[in-house]
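[1] please work out how this folds:
(2 chains)
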Amino acid sequence: MKRFLTGVVVLLFGYVLGPVWALETQGNVAAFSSYSFQERDLDYGIKVNFSSTIPLDSRYFGNVELLLKYQDENNIRPLRVREVSFQGVQAPWDETDFRVGLLEITWGASDVMSPVDVLNPRPFSRDLSADILGEKIPVPALDLEWYLNATWSLEFFYQPRFVANFVPEFVEKQFLLPSLLPFGVDPQRTNMVITRDEPPVSFSSPIWALRARGSMGAFDIALSYIQGYFLSSYPRETTITLLPEGLWDVRVHSGYPKRSILGLEFQGTLAGIEGLTLRGDVAFVVPEKWIHTVALSQGGEVQIPVFDAPYWKASLGVDYSWNNTYVNLAYFLGNLWEEGERVSPYGYFHVDWQSEDGKWKPFLNCVTSLEDGSTVWMLGTEYKPGDNWNVTLTYSVSSGAQGSKLGRVGEGIALEVKYSF
Amino acid sequence: MKRGIALVFLVLFLFVAGRVFALTASEILDEMEARRTQFTTQKTVGRIVLVDASGKEETREMVMYSKDEGEDKVSIIFRFLSPADVKGVTLLSLRNGEKIYLYMPAYKKVRLIAGSSKSEKFMGTDFSYDDLSGGYGKEDYESTLKGEDDTNYYLELIPKKADSKYGKLDMTVDKEKFYFKKIDFFDTAGNLWKTLEVHEVREREDGSIQILKLSLKDVKENHATIMEVSSIEEDIPLPDDFFSVRTIQRPTL
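    Here you go, the predicted model:
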């Protein structure tokens, strides 16, 4: 079956990309694999990133970015569009630039996990590599930036159709089942069915955002406002029924709560501290009040508040580089998946060093939950054997109690070989 | 006797005149500055060749826009056109590096470069961000004329900035055309670090000098960078806000 799928993917690749190949293109091919020592599970796959810009005249461009990805399980789909857009530079007016189409939007000044970079949903991955964490699902949208002068601009984002994060159903069940344990549900003898309501997003009721950005002395700052919905679903109503044969039937009805986000981004230097760069993003999230109602098998119902108050998320970091060495120290309030009362603090440390000949770049990443002390260490190296080739080998290990924030990551090893063309 | 006195005067005259007409280090730098190509805006297309210790070469094509902002300040936009793994990577240096930004198309993000990064290597070349941003003017260096011969002046430049990564520069200046042929960069401990050599120049009708090919060798790391210019356009019309974060995010410059 896997061979068949691979064949289909290769055929699709040739069929879809062949005609575009004639244009000026760039991209990369990456083969990746990771092995979990605890689960004794090997994940592997291959992906092709491909992008092409087609100048229509001096101010208008067509952009095509495709991602062809085969992974052995939990792939959203083998051929994904990263971006297909029509771009105008100094168009339709001299003071404006725009893109319209299926877009990938990147907001935030932080190098890692920005809480304001939330306009695109994300595919699922068990891998924690920066490459994978950077993957996004494009959204149909218009992005227009109006430049008031050389340093200040106002950006408007308009999205008339909702697109959610891709979460495999087994993962969603893994998250939901523990919350049902207090009601006597046996996870081993449970049949769970999840249905979801899409939010009412349309041309007249879009997701939208505004961002003003510019320079103030040594700092670049941006203020943003996003009006939209959470990109992962949350349960609204659950009905638990104990069937005569002793099985639990659980029907979960989920939805996507509304949210407003007020964001601040900054990057800059401090006078008197030469070489230090501060980067950070702060988000104040105002969620729709969201109650999870659980109808119990024995009658009666329980109400569990999911969102009932605004909360903060943040990524604040400082970086420094000298003698080919780069150090980044950051504080996160909330990770990519934590929202509401689940938001918790983390410390992050990264150091890398590039060899004199530029071929080797060993690195160390460390993330610690400041709530329960669980920690993930990632030790690895990038190696550049020749023009356009890049190999990354990473060993990761976690520590922490059962059920802790990061303890479940476990021990593993990952290898990626990438060729750019 | 009269002949003897006349000879003594002639010798004295030649000795004094020789002293009067010899240039000082400061005057040589002034003359070099005067011979530098004067432009308001400039577009340069060329290639960079990286040579590693084993002699293996890696070629990168680039386009560079620069603008004289006045007060000896230059703003630069520098974009790699090849190879694939750096294509589109663009550097913006505002007013001799007062602010430096890097745009990496893969991340669709503009990143402010840290102050300490300005002395780091730029994209694997032997040039630092600082090297790309500035020149070798007398406002930044104390200069001394250490000697001369038929074809060259030999200057010693000491950086005025206390935090400079270089202890001194030994500069060889062409006596006829007043451009630097060679600069040896020494670290603060006095060891030779880098050597910059100019291999090809073009003298324009107004006497100004354009450098067409130069190499920078890092002696410590045994690594070299060769920069070769294939075309130069000067005083091209560019909008006032061209040297901005907005521009470096464009698909084409």
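[2] excluding chain neighbours, what is closest to the closest residue to chain B within the stretch 101-250 of chain A?
    Minimum separation of the stretch 101-250 of chain A from chain B (C-beta to the nearest C-beta) falls at A:Ala150, amounting to 3.8 Å. (C-beta placed from N, C-alpha, C; glycine too.) In space, and not counting its chain neighbours, A:Ala150 is closest to B:Asp241: 3.8 Å by C-beta to C-beta, 6 or more residues apart in numbering or on different chains.
[3] check B:Lys109 too.
    Using C-beta to C-beta, 6+ apart, the nearest residue to B:Lys109 is A:Thr106, at 5.1 Å.
[4] what number of residues lie near that neighbour?
    Residues lying near A:Thr106 (other C-beta atoms under 10 Å in any protein chain shown) number 14.
[5] A:Ser355 too?
    14.
[6] SS state for it?
    Assigned with DSSP: H, G, I helix; E, B strand; the rest coil, A:Ser355 falls in the coil class.
[7] in contact with it, which residues?
    Taking C-beta atoms under 8 Å, 6 or more residues apart in numbering or on different chains, we find A:Ser355 in contact with A:324, A:361.
[8] can you check the one 4 residues further on too?
    By C-beta under 8 Å, 6+ apart, the contact set of A:Lys359 is A:383-385.
[9] quick check on those: which are buried?
    A:383-384 (16 or more other C-beta atoms under 10 Å in any protein chain shown).
[10] okay, the contacts of A:Lys359 in a markdown table with distance to A:Ala209 next?
    Putting the contacts of A:Lys359 into a markdown table (distance: C-beta to C-beta, whole Å) gives the following:
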| residue | distance to A:Ala209 |
| --- | --- |
| A:Tyr383 | 40 |
| A:Lys384 | 38 |
| A:Pro385 | 42 |
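[11] out of the contacts of A:Lys359, the closest to chain B would be?
    Chain B lies nearest to A:Lys384 out of the contacts of A:Lys359, by C-beta to the nearest C-beta, at 8.7 Å.
[12] hang on, the closest one packs against A:Gly358?
    Yes. A:Lys384 is in contact with A:Gly358 according to C-beta atoms under 8 Å; the separation is 6.7 Å.
[13] residue ranges with poor pLDDT in the chain?
    Here I'm looking at chain A. A:1-24, A:72-78, A:125-133, A:272, A:274 (pLDDT under 70).
[14] not quite, I wanted chain B
    B:1-21, B:114-124, B:129-135.
[15] the longest strand in it is where?
    The strand that spans the most residues within chain B, counting by DSSP state E, is strand B:57-70.
[16] got it, and chain A?
    Taking DSSP E as the criterion, chain A has its longest strand at strand A:41-55.
[17] show me what residue of chain A gets nearest to chain B.
    For chain A, C-beta to the nearest C-beta, closest residue to chain B: A:Gly275, 2.8 Å.
[18] tell me the secondary structure for that residue?
    Going by three-state DSSP: A:Gly275 is coil.
[19] and stretch B:143-159, C-alpha only, in CSV?
    What follows is stretch B:143-159, C-alpha atoms only, in CSV (Å, rounded to 0.1, in the frame of the first residue of the first chain):
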residue,chain,number,x,y,z
SER,B,143,46.9,57.2,9.4
THR,B,144,50.7,57.2,9.1
LEU,B,145,52.8,57.1,5.9
LYS,B,146,55.3,54.3,6.5
GLY,B,147,57.1,54.5,3.2
GLU,B,148,56.9,54.7,-0.6
ASP,B,149,58.6,53.5,-3.8
ASP,B,150,58.2,54.2,-7.5
THR,B,151,54.7,52.8,-7.7
ASN,B,152,53.2,52.7,-4.2
TYR,B,153,52.6,54.4,-1.0
TYR,B,154,52.5,52.3,2.2
LEU,B,155,50.2,53.5,4.9
GLU,B,156,49.4,52.3,8.4
LEU,B,157,45.9,52.8,9.6
ILE,B,158,44.9,52.5,13.3
PRO,B,159,41.1,52.2,13.9
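[20] quick one: buried residues of that stretch?
    Neighbour counts using 16+ other C-beta under 10 Å place B:143, B:145, B:152-157, B:159 of stretch B:143-159 among the buried residues.
[21] near chain B, which residues of the stretch 301-421 of chain A show up?
    A:319-322, A:324, A:356-358, A:387-388, A:390, A:420-421 (C-beta under 8 Å from any C-beta of the partner chain).
[22] which ones among those lie within helices?
    Assigned to helices by DSSP state H, none of those qualify.
[23] and those as a markdown table, adding neighbour count?
    As requested, these are exported to a markdown table (neighbours: other C-beta atoms under 10 Å in any protein chain shown):
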| residue | neighbour count |
| --- | --- |
| A:Asp319 | 20 |
| A:Tyr320 | 18 |
| A:Ser321 | 22 |
| A:Trp322 | 13 |
| A:Asn324 | 14 |
| A:Glu356 | 15 |
| A:Asp357 | 16 |
| A:Gly358 | 18 |
| A:Asp387 | 15 |
| A:Asn388 | 16 |
| A:Asn390 | 18 |
| A:Ser420 | 19 |
| A:Phe421 | 14 |
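[24] tell me the one among those residues nearest to B:Tyr136.
    A:Trp322 (23.6 Å; C-beta to C-beta).
[25] show me what contacts the residue nearest to B:Gly207 when sequence neighbours are not counted?
    Once flanking residues are discounted, B:Gly207 sits nearest to B:Arg35: 6.2 Å by C-beta to C-beta, 6+ apart. Contact analysis of B:Arg35 by C-beta under 8 Å, 6+ apart lists B:177-179, B:207-209.
[26] biggest separation within these, which pair?
    Comparing all pairs in those by C-beta to C-beta, the longest separation belongs to B:Tyr179 and B:Gly207, at 10.9 Å.
[27] more neighbours: which of those two?
    Neighbour totals were compared for B:Tyr179 and B:Gly207, and B:Tyr179 leads with 18 against 10 (other C-beta under 10 Å).
[28] the more buried one and B:Met32 touch, don't they?
    Yes. B:Tyr179 lies in contact with B:Met32 (C-beta under 8 Å); the separation is 6.5 Å.
[29] name the residues contacting each of the two.
    Contacts common to B:Tyr179 and B:Met32, judged by C-beta under 8 Å, 6+ apart, are B:Val173.
[30] near chain B, which residues of the stretch 1-150 of chain A are found?
    Residues of the stretch 1-150 of chain A lying close to chain B (C-beta under 8 Å from any C-beta) are A:26-28, A:53, A:55, A:61, A:63, A:87, A:89, A:97, A:104-106, A:134, A:145, A:147, A:149-150.
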